[in-house]
Structure formats: structure tokens, C-alpha cells
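Asker: Mind folding the following:
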Amino acid sequence: MAVPPVVTIVGVTAILYLGKDVLLPLAIAILLTFALAPIVSALRKMAVPKVVAVTLTVLSAFIVIACFAFLVASQVSNLAQNIPTYQTNVVEKIRSLKELGAGGGLIERLTGAAERVGQELQAGTQSAETPEQKPLPVEIVSHQSPLDILNNIVVPLISPFSMAGLVIVVVVFMLLEREDLRDRFIRLVGYGDLHKTTEALQDAGKRVGRYLLMQLVINTIYAVPITAGLWLLGIPNALLWGGLTLVLRFVPYIGPAIGMLMPLLLTLAVSPGWAPLLWTAALFIAMELISNNVLEPWLYGSETGLSPLAIIVAAIFWAWLWGPLGLVLSTPLTVCLVVLGRHVSQFEFLGVLLGNEPVLEPHARVYQRLLAGDPYEAADYAEDYLEDEYLVDFYDEVALPALVLGEVDRQRGVMTHEQRVRFATAAGTLVQELADLAEDEVEENGADDEAGKNEAGADTEDGEDDAGPDLPDGEGRSLVCIGGRGEIDDAAAAMVAQVLEIQGAETAIAGYQTFEPERFGALALGEADTVVVTYLNAASLAQARHAVRRLKRRKAKLRVGLLVPMEADGNRRGSITEDGTGADFVTTTIAETVRRALAQESAKPLKALPKRRPVRRRRPAKAVSGKQETAKPAANGRTARKPAPARQTQKA
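Answerer: Next up, the predicted model:
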């Protein structure tokens with residue numbers, strides 16, 4: 001019996017919470033192993049022995065960490081000794097604020113309101129007490145044994161050092177036994193999914209190691225200008241604030257704010273005026289903008305594979321679970337969960353919930369928006385898509401497959417009439433919203449024609465063909481686009497017409513009701529030489545054949561083409577062919593339809609209906625001995641004559 005995912009999540013969370021003392025050092029050691037493994041591998045490539053490479057890497061890393069911790073501790077001690085000297089500036093700032101709000105100002109009113117609220121609370125407390133009750137003096141005497149004193153004072157001081165030592169030992173052994181641990185993990189998973197396990201391990205190591213390394217580089221680049229700027233502004237303990245900024249930036253979103261708040265408070269207390277405070281705030285804001293918009297996209301971009309919301313939720317979860325250290329480790333640990341969800345089917349929901357990759361294919365996303373009656377979000381997505389592609393590409397790769405999904409749902413009976421009308425209306429609105437982009441492409445085509453373009457097939461300076469889609473010129477051509485059987489077909493016909501107009505052809509659009517007997521006579525073919533009929537329902541062979549014959553009877557030498565798109569998986573839909581329908585061409589994409597519709601081809605003649613075979617009449621049965629012989633069917637389907645009765649012979 002399969003365990004529900006909710007039960008699994010609750011059980012794992014309980015284990016992580018109860019096993020915090022053991023699992024937290026182990027998690028830190030694993031992440032440090034990911035970060036230091038590339039350095040060990042680089043030393044191994046330089047022919048350094050494995051033990052020496054691991055020892056040098058671990059010692060160097062923890063010496064840097066220890067020096068950083070000592071620097072921060074000394075700066076904190078210095079700050080604590082100088083705090084009383086800043087009292088004068090703080091009092092002066094408060095006095096200036098009061099003077100700013102003198103004469104019934106905002107600050108004075110807020111202060112008075114706070115005092116009145118405190119008096120009311122104190123009066124209410126005193127009235128609730130009886131006059132006879134008097135507070136009794138209480139003296140707390142604590143008798144602690146030396147063992148209790150050792151437990152309360154010494155143990156908290158030793159605990160961080162013991163955890164650090166444990167982490168160092170675990171990191172050393174993990175780096176030494178890295179290959180063996182990998183093989184054991186693969187053996188636990190099994191040989192059947194060896195390729196998936198190998199890919200998952202490589203993906204996790206690459207993402208986590210690169211994230212930690214790039215984040216350290218970014219934080220260092222961020223902290224150095226902050227330290228130099230605070231030192232130039234005369235802010236005490238600039239090394240302390242630069243170091244804290246470097247560490248706190250490992251905490252997503254919250255860390256940079258905390259790292260900026262503490263120097264601002266110190267600047268407020270140290271400086272007699274307001275100018276240093278404003279310069280300090282400007283320094284942090286400028287570095288944040290540079291880091292978020294230049295450094296991070298340049299160095300690692302979206303290498304973590306996490307969505308912004310997932311980073312925030314992960315920070316809250318791990319902070320609740322493991323405290324401040326969990327907050328620092330939240331992003332790397334969540335990266336591991338996303339990698340697990342991408343490569344293990346049982347945890348796929350983690351990759352869907354926390355990852356930053358789109359969970360819906362483009363055509364499914366557009367279909368969902370059109371089905372909800374929201375063509376404007378679909379238009380926004382189309383505008384982003386068209387920054388690098390052309391309109392015909394968007395229609396063929398996204399919009400037309402979305403219409404096919406709608407037609408498939410309609411055939412399955414899961415789409416109501418209201419949903420079908422809303423979907424088709426939204427699809428028509430999407431085409432109208434893209435009319436401006438279509439006009440831009442028309443202007444581009446006109447500009448290319450005036451410039452004469454380059455030679456056919458010529459490449460640009462970058463070596464890429466930027467001449468747009470290879471579609472013929474439709475100048476001087478007149479066409480009609482008609483929907484086949486429903487409203488969704490009409491939307492597809494409008495897309496074909498829009499692409500034909502981009503190519504310079506004069507195009508008219510008619511709805512599927514055109515083929516009704518009372519409306520077909522009003523169809524204005526005029527100067528049209530080609531008609532394109534769209535059928536999203538591939539089972540419309542009879543309707544397509546009938547439409548082709550009626551159109552060709554209306555006008556001689558009229559070319560009739562059919563657009564029957566394929567399914568999203570690329571499979572051919574239905575059996576509508578040129579021979580079966582008598583059409584001049586049958587296509588599956590809008591680009592192919594435009595090429596065939598604008599081609600200089602003559603129309604195929606209308607095929608004559610097959611002649612019916614003459615009906616043979618049966619001859620009357622011959623009479624034998626005055627009786628008419630009757631015929632009855634035989635077992636093989638042929639008629640068999642009834643045998644004549646045998647003659648009776650008399651006995652001699």
C-alpha cells in the first residue's frame with residue numbers, strides 16, 4: 001500500500017525537528033563537502049596525494065573561517081566598549097526631533113498619546129487592586145552545585161566549538177571517502193536506475209557547489225565596497241559591518257536588510273548630523289542594485305533552479321525547523337530537494353512546487369488561459385515569444401496546438417457549449433490583440449522590399465539568417481479563409497488569414513456557417529483564386545469532401561486547400577488527404593498552408609462522381625412438371641434452386 005505524500009512529508013519533518021542536534025552538523029558538513037570537493041579535485045589533478053589534498057583544503061577553509069570569526073568577535077568587543085560614548089549623539093538626535101515637532105507637532109502628539117495610554121493602564125491596574133493588598137518582598141535564593149554551574153555556563157560556551165570540531169571531522173572523512181559514499185548510495189538505490197542516480201548526484205553537486213561558490217564571490221564583491229565606504233564615511237568598526245554583510249547575504253531576502261539596518265543605527269548614534277546616515281543608506285542601496293541586477297545574473301543567474309516564492313517559503317520553513325543556522329542553509333538544502341524531485345518520480349511534486357522551470361508547455365498554458373476566457377495574458381505571453389520569433393512561428397508552435405487541445409476536449413465531451421463559445425471567442429480576441437504585431441511585420445516586409453533585401457539565403461554579419469520565415473510574396477493574390485465545422489475552426493482560419501495578410505495577400509474570412517445551404521450562395525468569392533478551409537476535427541472527411549466539391553462547382557479554376565493540424569505530439573490526425581477529398585492541397589501547419597496557397601499552381605479539375613452499376617433483374621424460374629421451381633438462398637450467400645422431387649418407382 002502506497003504511503004500518501006502528506007504522511008511522508010509530516011514524518012520527514014518530525015524526524016528533522018527531533019534529530020536537530022545530530023542532523024544539523026551533518027547537513028553543514030555535507031554542504032561544505034559539496035563546496036570543497038572541486039578544490040580537492042583540482043589538487044588531485046595536480047598530482048597531489050589524496051590525503052594531503054583533503055587536509056590542505058579543510059585546514060585552509062577552517063583557518064579562514066576562524067580568522068573571520070575572531071575578527072568579528074574583536075570588533076563586537078570594541079563596539080561594546082564604545083557604546084557609552086555614543087550616548088550624547090543619540091540624545092542630541094532625539095532633542096532635534098522634538099524641536100522639529102515643537103508646537104503641537106506630530107512627535108509631541110504621539111508622545112502625549114503614549115503617556116496617556118500608559119497612565120490609563122496604570123490607573124486601571126491600581127483600581128483593580130484592593131487597598132488592603134500590599135506587595136510582599138520576595139527574595140530568590142539559588143543554591144547551585146558546581147555541576148549545575150558547569151552545565152549552565154561552561155557547556156553553552158563549549159557547544160559551538162564541539163559542533164565545529166564535529167563538522168571538521170565529518171567533512172574530512174566525507175572528502176576522503178567521497179567515491180565510496182557515492183558507490184554505497186548507488187548500491188542502495190539499485191542498479192536498475194543507475195543512469196538516473198548518476199545524473200542526480202552530478203546535478204546536486206553541480207548546483208549546490210556552484211551556488212555556494214558564486215554566492216561567496218558575490219558576497220565578497222558586495223562586502224568589500226561596503227567596508228571601504230563605511231571606513232571613508234568615518235563609521236566605526238567598518239570591518240565588522242562588512243564581515244556581517246558578507247555572512248548575512250547567505251540568508252535570502254532577510255539577510256541584506258539586517259546587514260544594512262545595524263550600520264544605519266550605528267551611524268545614527270555616531271554622527272552628529274544627518275548627512276552620514278543618508279550617505280550610508282545610499283551606499284547600501286547602490287550595492288544592492290548592482291548586486292541584484294548585474295552580479296547575480298552574470299555569475300550564476302538561475303543556477304539554483306528555485307522560484308523566488310520557493311526561496312522565501314524555504315527560508316521560513318528551515319528557520320522554524322533549525323533556527324538561525326537553518327535560515328542560512330535554507331537555499332542549499334532546498335536545492336537538494338528540487339534535484340531530488342527532478343530525478344526521483346516519487347518526489348516529483350517537490351520539483352513542481354519549488355522549481356523555477358515552467359510546469360506547463362506553452363501551448364497548454366495558452367489553452368488554459370483561453371479556456372478561462374483570459375486572452376490578454378495569452379497575448380502578453382505571445383508578445384514575449386515574438387521578441388525572438390515571428391507570428392507564424394507562434395501560431396504553428398503554440399496557438400494552433402492550443403486550439404487542437406480545445407477541439408480534442410470538445411470531441412471527448414468534456415467541454416460544455418458555454419466553454420466552447422468562451423474559448424473560441426477568447427481565441428478570436430487573441431488574434432485581434434496580435435494585429436498590431438502583424439502590422440509591424442508587414443512594415444518590416446515592406447522595408448525589406450524597398451531595400452531590395454540581401455541575396456536569397458544570404459546571412460547577416462553574425463552568421464545567422466535574419467530574413468524571417470521563408471514564405472512567398474502574396475502581393476496581388478486574393479484568398480478566402482473559412483472555418484470548417486465550428487467556432488474553433490473559425491479562430492484557426494483567422495490565424496491563417498492574418499499570416500497571409502502579412503505576406504501582402506488580400507484575404508477575406510468566412511465562418512463555418514457559410515456551408516449552410518441558405519448561406520452558401522451569399523459567399524463572395526469575387527477575385528479569389530484560392531480558398532483555405534480549416535478542420536481541427538480530423539474525422540471530418542465527408543464534410544471536407546463535400547465542401548471541396550461545392551466550392552469548385554461555384555467557381556471554375558478555384559484552388560481549394562485544407563488545413564488539418566497535427567496533434568501536439570506530432571502524430572498525424574485522421575485520414576483527410578488530397579485524393580480522398582479532391583482538394584488541391586492538404587497541409588498541417590500554417591506556414592505550409594501559406595506556401596501552398598500562394599504558390600503559382602493551377603487548380604485540379606473536379607472529379608466526377610463514380611457511375612452506379614446497373615441493377616440486374618432476375619429471370620423467372622422455369623416450371624418443372626407443372627410446378628414452378630423456387631429458389632432459396634444457400635449458405636454461401638448465392639441462390640440455390642430447390643431440387644426436383646425424386647420419382648417413385650414401383651416394385652416389380
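Asker: Give the residue spans of the stretch 1-150 of the chain that score low on pLDDT.
Answerer: Counting by pLDDT under 70, the stretch 1-150 of the chain contains low-confidence ranges at 1-5, 82-83, 85-114, 117-118, 120-150.
Asker: so where do the helices sit in it?
Answerer: 5-18, 20-45, 50-82, 87-100, 106-128, 146-149 (DSSP state H, counting those that start in this stretch).
Asker: List the buried residues for the third one?
Answerer: Pointing back at helix 50-82 there. Ala53, Val54, Thr57, Val58, Ala61, Phe62, Val72, Gln75, Leu79 (16 or more other CB atoms under 10 Å). Any C-beta I mention is one placed from the backbone N, CA and C, and that applies to glycine too.
Asker: Okay, buried residues for stretch 365-380 please.
Answerer: Arg365, Val366, Tyr367, Arg369, Leu370, Leu371, Pro375, Ala378, Ala379.
Asker: ok, now which ones touch the fifth one?
Answerer: Residues counted as contacts of Leu370 (CB atoms under 8 Å, 6 or more residues apart in numbering) are Ala378, Ala402, Gly406, Phe423, Ala426, Ala427, Leu430.
Asker: And the last one, how close does it get to Glu592?
Answerer: This points to Leu430. 22 Å (CB to CB, to the nearest Å).
Asker: out of these two, which sits in the more crowded spot?
Answerer: Legend: neighbour count by other CB atoms under 10 Å for Leu430 and Glu592, higher for Leu430 (25 against 16).
Asker: Would you agree the more buried one is in contact with Ala379?
Answerer: Yes - with contact defined as CB atoms under 8 Å, Leu430 and Ala379 form a contacting pair (5.8 Å).
Asker: Quick one: classify Val532 as helix, strand or coil.
Answerer: Three-state assignment for Val532 (DSSP: H, G, I helix; E, B strand; the rest coil): strand.
Asker: possible to save the contacts of Leu370 as JSON lines with secondary structure, distance to Leu337 and pLDDT?
Answerer: What follows is those, written out as JSON lines (DSSP: H, G, I helix; E, B strand; the rest coil; distance: CB to CB, whole Å; pLDDT from 0 to 100):
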{"residue": "Ala378", "secondary structure": "helix", "distance to Leu337": "32", "pLDDT": "86"}
{"residue": "Ala402", "secondary structure": "helix", "distance to Leu337": "32", "pLDDT": "91"}
{"residue": "Gly406", "secondary structure": "helix", "distance to Leu337": "36", "pLDDT": "90"}
{"residue": "Phe423", "secondary structure": "helix", "distance to Leu337": "37", "pLDDT": "91"}
{"residue": "Ala426", "secondary structure": "helix", "distance to Leu337": "37", "pLDDT": "91"}
{"residue": "Ala427", "secondary structure": "helix", "distance to Leu337": "39", "pLDDT": "91"}
{"residue": "Leu430", "secondary structure": "helix", "distance to Leu337": "37", "pLDDT": "91"}
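Asker: what stretches of the stretch 151-300 of the chain score poorly on pLDDT?
Answerer: Ranges of the stretch 151-300 of the chain meeting pLDDT under 70: 151-159, 186, 188-200, 272, 296-300.
Asker: same question but for the stretch 401-550 of the chain, I mixed them up
Answerer: 445-468.
Asker: Tell me which stretches of it form helices.
Answerer: Under DSSP H, counting those that start in this stretch, the stretch 401-550 of the chain gives helices at 417-433, 435-451, 487-502, 517-520, 541-554.
Asker: Run through the neighbouring helices and strands of the fourth one.
Answerer: Spelled out, that is helix 517-520. Applying 3 or more CB pairs under 8 Å, 6 or more residues apart in numbering; DSSP states H and E, we find helix 517-520 packed against no helix or strand.
Asker: Can you tell me the element the residue nearest to Gly351 when sequence neighbours are not counted falls in?
Answerer: Excluding its sequence neighbours, the residue lying closest to Gly351 (CB to CB, 6 or more residues apart in numbering) is Gly341, at 3.1 Å. Using DSSP states H and E, Gly341 falls within helix 308-343.
Asker: check contacts around Ile502.
Answerer: Going by CB under 8 Å, 6+ apart, the list of residues near Ile502 reads Leu391, Val392, Ala438, Glu441, Val442, Asn445.
Asker: Count the neighbours of Val247 for me.
Answerer: With other CB under 10 Å as criterion, Val247 counts 16.
Asker: In three-state terms, label Thr586 for me.
Answerer: Just so we're on the same page, residue 586 is Val rather than Thr. Relying on three-state DSSP, one would call Val586 strand.
Asker: List the residues that contact it.
Answerer: So Val586 contacts Gly561, Leu562, Val564, Ile576, Thr577, Glu578 (CB under 8 Å, 6+ apart).
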